[in-house]
Structure formats: C-alpha cells, structure tokens
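> could you look at this predicted model? Sequence included:
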Amino acid sequence: MAVDMKRLTILGATGSIGASTADVMLRHCERFSAYALVGGKNAERMLQLAESLQPEWVVMTDSKAAHSLHGRLPDGIRLEAGMDAAIAMAEAEQADIVVAAMVGSAGLPAALAAVKAGKKVCLANKECLVTAGRIFMQEAHLSGSEVVPVDSEHAAVHQCIAGHDRDSIERIVLTASGGPFLDRDISTMASVTPEEAVAHPNWDMGAKISVDSATMVNKALELIEARWLFDMPPDKLSAIIHPQSIVHALVEYRDGSVLAQMAEPDMRAPVAYALQATPRLNSGISMLDLVKRQRLDFIGIDEQRFPIMPLVRDVMKSDDSMSIAFNAANEEANLAFREHRLSFTDITQIIEDVLGMSADISVHSLDQVWSLDQEARRLAASAIWKVGG
Ligand SMILES: NC(=O)c1ccc[n+]([C@@H]2O[C@H](COP(=O)([O-])OP(=O)(O)OC[C@H]3O[C@@H](n4cnc5c(N)ncnc54)[C@H](OP(=O)(O)O)[C@@H]3O)[C@@H](O)[C@H]2O)c1
C-alpha cells in the first residue's frame, strides 16, 4: 500500500537529536524526506547529512559556516544563511513536520514559527517550553499545531496517558538517571571537570544537556516542560532517580494503577514515536531484554547532592518570569563551566543568585520573554564574573 510521504524540516540537524532523526528517516525513506536541514556552525557535519538526506534546502544560521559550504553541496540543494532563513524553513508550506532540536532558547523563534504555521512539531528543545510555555501552547491551540515531545521522559508520558482520562491522573513521575556523579563523594563535587560531566553513563547527548544531566538541571527543565506539555499543576509532577534509564516515566492513576513506559536508552525510539505513533516504526534500537538487565532500581533524589530540585519547586510555584530566569542563568552558567570559567557546584549557585535578583511576574508576549531572558543573562554574567573571574 502506498504511504503518505512526509517532508521534514530539521532544526538543529547537525546535533545529537538531528543524528537520531536522520537515522530513523533513512530507515524509512518511503515515509520521510528532508525538505530543509538547519544547522548552526558545524558545516562538515551538514555536508555529510546533505549527502545522505538530499534535502531541498540547507540553512546554516552561522554565516561563516554557510559560506564554507558554497559550491560543496550536492547538485540541486539550495543554501541559505541566518536565523530568518531557519524560521522560513520552519513555517514553509512544503514542510509537513518540523523537528525542533536546536539547543537552548536560541531555538525558540523557529520552533514557535512552526507552531504558528500549524505544523506537526516534534519538540526536543525543552528550553522553548521552559521560557515561553504558555505562549507556545496557546499558539499551538490557536493554529491546531500538534506538539509531540521528543524528550524520552515526555514521550513516555505521552504514551502512558494516550486514551486515558486526564482527571484520573494523580501524579506524573519522570525518571532521572542521576548522571555521572550519583555515587561520587559530595565533598569532591566542586572539582568535577567538564570532561567528566559530559560523559553520561547511559545517554549519548550534546554537551550542554549532558552537563544539565549531571547537575540535575535537565530534570528541573523537564518538570517545567511537562507542566506545559501536559497542562498539569506543579504538585502533580515529580521525579525519581532510576540509574538504568530503562523506565522513562510513570503515570499514577486514581485507582492505584501505575503505567510506565520502558525502552533501551536510545533517542531513536522517542524520535520514531514522535514522527509516527501509529503504526509504530522500526526505530533501529535493540529490544529490551529484562532478564539480561536483571534489576531496575529507583531512588529518591538526594537534594543535598542535587540542590537544584528545591529551587525548581519554587520556580514552578512562581510566575513565568522565574522559569525564564532559571533557564537563562543555567545556559550562561553551563557554558561558563564548559569553558572552565566556573566550578561545577557554582552552576546551581549562579542560578540561585539570579533567581534571587529576578522579578516574579507574569509573561504575555515574546518581547517580554526576550527582555527577561536578556536581563537574567546580564545578572548571570555578572555573578559568574564575580565567582569565576
Ligand atoms: N541529545 C539528547 O539525547 C536529547 C534528549 C532530549 C532532549 N534534548 C534536547 O534537544 C535539544 C538538542 O539537543 P542535542 O543534544 O541534540 O544538542 P547538540 O548535539 O548540542 O546539538 C545542538 C544543535 O543546535 C544547533 N545550534 C546551537 N546553537 C544554535 C544557534 N544559536 N542557532 C542555530 N542552531 C544552533 C547546533 O548547530 P551546530 O552544531 O551546527 O552549531 C546543533 O545542530 C536540546 O534542547 C536538548 O535539551 C536532547
């Protein structure tokens, strides 16, 4: 039977989620083709992707990277530069599905453009919902855009709530691996190096999210993301540590039933589900063998080791401006740590300092999002300079 071919724009094609998406697409060439691939600076990776996926367009938001691709792309592939071109690819009529996988709040304008254009948006970029969740989901509602999570925990929740009554949900529990420092002596946490922090035990991810996993900021961002995606009050959202990363989330129902979703930790599974939920696609990941796995452990989060958790609870009880400050302070502190300008434990301290100096107000426009984001980054830069020099 002939299948309906879907054309994709991939924002953040040159990253880790971009690679998982390309892998799934190449397994299903009869279902998916690339309309546009959008990257930032990594021209060499884009060249490889363009050769394998043969998109109509390639966009590099970095103009130098775009320049370096002139005359090197396979015949017929058109090249553009800049964020406006990325936005145009996200809202283009020819794109049926947009995979939003740029990292950080830089990914918001293009993802939001896709939502406003009514696209099906496979959302990996959690920072979009953390900074502008209310606006993002309102726009999706207005345009009829379907926003499907790619984050493994949210993809798990999506599967556990499908076909169930929302009012019967008592609690959504996201699992966290605990990252590379779950068993490390707490007194040595300040001396963690960026190289140690990006070496995640279970997942192969980009540098920023790997550091976010090590600090547990990733789980904090995911709790805020879940609030908007599933329209859940903060007190119904929680997280536990599950070091094996096999159970990705659990949904507890009023009758005492708990539904959980399990899979080997490989982002191709949630990407495949987001691209097409029914019928399920072969994602290429290996089948889970529980007998071989032998045990699954679950541990409460030690808030002394992960002091970000009480902070995010406060953020979720506050107005939207605090999530923006939380995210911006983290993006700045995470980068400063990776550039050896800040110690590992200072990341959470900088976030706390910035939250303490930020206004707790409601947010109604994108202009307001950007101005609060800029203000928080300015506060973070000054706090980082004072701590790290
Ligand atoms: N990796 C995972 O397993 C995973 C799981 C769940 C959610 N996520 C989320 O998915 C998003 C992407 O994560 P990732 O791990 O794939 O990150 P990554 O490997 O670091 O890739 C990031 C992508 O964003 C692009 N990019 C960065 N800054 C940009 C800018 N200013 N303008 C345009 N493009 C820019 C990069 O382009 P260049 O490299 O070409 O500069 C790259 O394509 C993040 O929001 C992350 O939280 C990731």
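Happy to help now that I have it.

> now do the phi/psi pair for Asp75.
Asp75 adopts backbone torsions of phi -50, psi 140, taken as degrees, to the nearest 10.

> burial of it, as a residue count?
Neighbours of Asp75 under the rule other C-beta atoms under 10 Å: 5. Every residue, glycine included, has its C-beta placed from N, CA and C.

> per-residue pLDDT, it?
Listed pLDDT for Asp75 reads 97.

> for the ligand, what's the nearest residue on the stretch 101-250 of the chain?
Of all residues in the stretch 101-250 of the chain, Gly206 sits closest to the ligand, at 2.5 Å by C-beta to the nearest ligand atom.

> and that residue, how far from Gly18?
With distances taken as C-beta to C-beta, to the nearest Å, Gly206 is found 10 Å from Gly18.

> which one's more surrounded, those two?
Between Gly206 and Gly18, counting by other C-beta under 10 Å, Gly18 is the more crowded of the two (26 against 17).

> wait, the more buried one touches Met46, no?
No. Using C-beta atoms under 8 Å, Gly18 makes no contact with Met46, being 9.4 Å away.

> is the ligand contacted by the helix or strand where Glu195 lies?
Under the criterion of DSSP states H and E, Glu195 resides in helix 194-198. No. Contact of helix 194-198 with the ligand (C-beta under 6 Å from any ligand atom) is absent, the minimum separation being 10.4 Å.

> list the helices and strands that helix packs on?
Helix 194-198 is packed against helix 207-215, helix 320-338, with contacts defined by 3 or more C-beta pairs under 8 Å, 6 or more residues apart in numbering; DSSP states H and E.

> I'd like the ones you listed as CSV, with mean pLDDT appended.
Below are the helices and strands packed on helix 194-198 laid out as CSV (pLDDT from 0 to 100):
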stretch, mean pLDDT
helix 207-215, 96
helix 320-338, 97
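
> just put those in CSV and tack on mean neighbour count.
Output for the helices and strands packed on helix 194-198, formatted as CSV (neighbours: other C-beta atoms under 10 Å):
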stretch, mean neighbour count
helix 207-215, 24
helix 320-338, 25
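
> got the contact list for the residue in the stretch 251-389 of the chain positioned nearest to the ligand?
Proximity of the stretch 251-389 of the chain to the ligand (C-beta to the nearest ligand atom) peaks at Met267, 4.5 Å away. Applying C-beta atoms under 8 Å, 6 or more residues apart in numbering to Met267 gives the contacts 16-17, 20, 150, 152, 203, 205.

> out of these, who has the most neighbours?
Busiest of these [other C-beta under 10 Å] is Ile17, holding 28 neighbours.

> contacting residues for that residue?
By C-beta under 8 Å, 6+ apart, Ile17 lies in contact with 99, 101, 124, 150, 206, 267, 271.

> returning to that earlier point: any idea of the mean pLDDT in the helix holding Glu195?
Helix 194-198 carries an average pLDDT of 95.

> what does stretch 134-151 give?
In the prediction, stretch 134-151 has an average pLDDT of 98.

> common neighbours of Gly18 and Met46, please.
Common neighbours of Gly18 and Met46, using C-beta under 8 Å, 6+ apart, are 37, 39.

> residues of the stretch 151-300 of the chain that sit close to the ligand?
So the stretch 151-300 of the chain meets the ligand at 151, 203, 205-209, 267 (C-beta under 6 Å from any ligand atom).

> what are the phi and psi values for the closest residue to Ala66 other than its chain neighbours?
In this structure, Ala66 finds its nearest non-sequential neighbour in Ala81, 3.5 Å apart by C-beta to C-beta, 6 or more residues apart in numbering. When quoted as degrees, to the nearest 10, the phi and psi of Ala81 stand at phi -130, psi 150.
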